[in-house]
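S.K.: This is a predicted model, with the sequence first.
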Protein chains: 2
Amino acid sequence: MRLLLRKCERTFAPASEIGLPALARPISAASTAAAPSAGRHGAAKPDPRRRVLDAAALCFIRSGFHGTSMQEICAEAGMSPGALYRYFPSKDAIIVAIVEEERAMRASFVEMLETAPSFVEGLTRMGRAVFSGENEMVCLKLGPEIFAEAARNPALKPTFDAVEDEMNEAIRRCFIAAQARGEIDASIDPDIALLLINAIGDGLMLRSSFEPDLPLGNMMPALAGLMARMLAPTASSDATP
Amino acid sequence: MRLLLRKCERTFAPASEIGLPALARPISAASTAAAPSAGRHGAAKPDPRRRVLDAAALCFIRSGFHGTSMQEICAEAGMSPGALYRYFPSKDAIIVAIVEEERAMRASFVEMLETAPSFVEGLTRMGRAVFSGENEMVCLKLGPEIFAEAARNPALKPTFDAVEDEMNEAIRRCFIAAQARGEIDASIDPDIALLLINAIGDGLMLRSSFEPDLPLGNMMPALAGLMARMLAPTASSDATP
């Protein structure tokens, strides 16, 4: 699921003054792995790289990627341009870093998929993790923005594609394994199923950015029920080559 | 399907110099209806309002909504700022006009859905019309951009929501009619099914903007096959309340 990768858990200063909800700060192995210097700062004062990424995400959500200047990111991060440019030479570099960082998330998603009792249950758990809202994940809001930018900006496309390819490979592997054990109808073309599964993930992510109050996390079992109907072997499957 | 409404058939000057394919100019009832003054110009010289919308779409695709200035739209349209501002007081007004215009498209989609021999076949025909690529529909490329903007910009949201609501109502009506005639399992919650159908439409639209060469139009029957499995009454349906 392409957009599932947009999930992130990130540090934000209280932002109620700009109409965004205050965000919790989960301490995750993923963010530590993505920012090696993170171990050197206390919980109260994130490292400068982290501060830039957090400030940039806030600005991008508020004004869009192109509507945000490097000066605004500096102001939001409380950092001089000279300091900021030491970490990121451009806005492109910041977006690439955001997408790269989300790469670290994939490990936990893949694990959910691989350890679930069934393929559909794995998707359900992934969906619940992404859409439960427990972590106030800002990348749900940045999703369309990153999509629009990656579709246009050649500096982003390779990173974006690489992150997606890794996830796709994992889903495909689990799908085919589920077919082999008779859980998914063997007559279903994995490419078509993956296209549909990706579309559903991306589409729900977009929906979530438009209707943040929609309880998508709670709706996962019902959605998964439809997916299960779609993938389950049918009585006529034996007749299909 | 929210993003299906982004489909448009619009006039473009040859744009090969900026790396975009030259676009055909279909003469559709919908675009005539959306631009009443269009009847007064010859096929070779679109009316000024049309020229602005076409130029703006090209600029938005190339540089994004926020990366495009009104000056650039003037230059692309070959029009003075004074002339352009007579038609559109702001970039917001241009985007609203693009979305409003697409509203006229919905009549043909709804008709496809209502006249198809089955609900899934109706979705297939809509999908094929949107994704066949026969019309080089630029709004497939503008999709993420409009999504990102509408999620953030209160000037856009009401128009965006209204267009979506109209389409959603039509899909819901057809879905429930298909349940009544036994074509769709009566135990399926229409809200959940609509959420999934919308997500699939939106997700495919995004995919198409990333992989314009993916033959989504041709893949519609296979995708519809999965949808049909999902919605078809099952042997155990009778037991479900």
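M.R.: Looks like it arrived, so ask away. Numbering: from 1, shown residues only, chains lettered A, B, ... in the order given.
S.K.: For A:A180, see how far away A:M230 is.
M.R.: If you measure A:M230 against A:A180 using CB to CB, to the nearest Å, the figure is 18 Å. Any C-beta I mention is one placed from the backbone N, CA and C, and that applies to glycine too.
S.K.: how about the helices in chain A?
M.R.: Assigned by DSSP state H, the helices in chain A fall at A:29-34, A:48-63, A:70-77, A:81-87, A:91-103, A:106-115, A:119-131, A:139-152, A:157-180, A:190-210, A:216-231.
S.K.: Just the local confidence number for A:T11, please.
M.R.: You'll see A:T11 listed with a pLDDT of 30.
S.K.: ugh, typo on my part, it should be A:E100
M.R.: pLDDT, A:E100: 80.
S.K.: Just checking, which helix or strand of chain A averages the lowest pLDDT?
M.R.: Least confident helix or strand, chain A: helix A:29-34 with a mean of 37, by mean pLDDT, DSSP states H and E.
S.K.: Mind checking which of A:M230 and A:A180 has more residues around it?
M.R.: Neighbours of A:M230 and A:A180, each counted by other CB atoms under 10 Å in any protein chain shown, are more numerous for A:M230; the result is 23 against 10.
S.K.: how close does the nearest residue to that one once chain neighbours are set aside get to B:G127?
M.R.: In this structure, A:M230 finds its nearest non-sequential neighbour in B:M230, 4.0 Å apart by CB to CB, 6 or more residues apart in numbering or on different chains. In this structure, B:M230 and B:G127 are 15 Å apart, going by CB to CB.
S.K.: Could you do A:P221 as well?
M.R.: 27 Å.
S.K.: which one of the two has more residues nearby?
M.R.: B:G127 (24 against 14).
S.K.: rewinding a little: which stretch in the helices of chain A has the least confidence?
M.R.: Among the helices of chain A, helix A:29-34 scores lowest, with a mean of 37.
S.K.: before we move on, back to that, figure out which of the helices of chain A is closest to B:M167.
M.R.: Of all the helices of chain A, it is helix A:190-210 that lies closest to B:M167, at 14.2 Å by CB to CB.
S.K.: Would you mark the buried spots in that closest one?
M.R.: A:193, A:195-210 (16 or more other CB atoms under 10 Å in any protein chain shown).
S.K.: Show the backbone phi and psi for the residue nearest to A:C59 when sequence neighbours are not counted.
M.R.: Closest residue to A:C59 apart from its sequence neighbours, by CB to CB, 6+ apart: A:T68 at 4.2 Å. For A:T68, the backbone dihedrals are phi -110, psi 130 (criterion: degrees, to the nearest 10).
S.K.: and the closest residue to A:P81 other than its chain neighbours, what does it touch?
M.R.: What sits nearest to A:P81 in space, not counting adjacent residues and going by CB to CB, 6+ apart, is A:C74, at 5.3 Å. Residues in contact with A:C74, defined by CB atoms under 8 Å, 6 or more residues apart in numbering or on different chains, are A:80-81, A:84.
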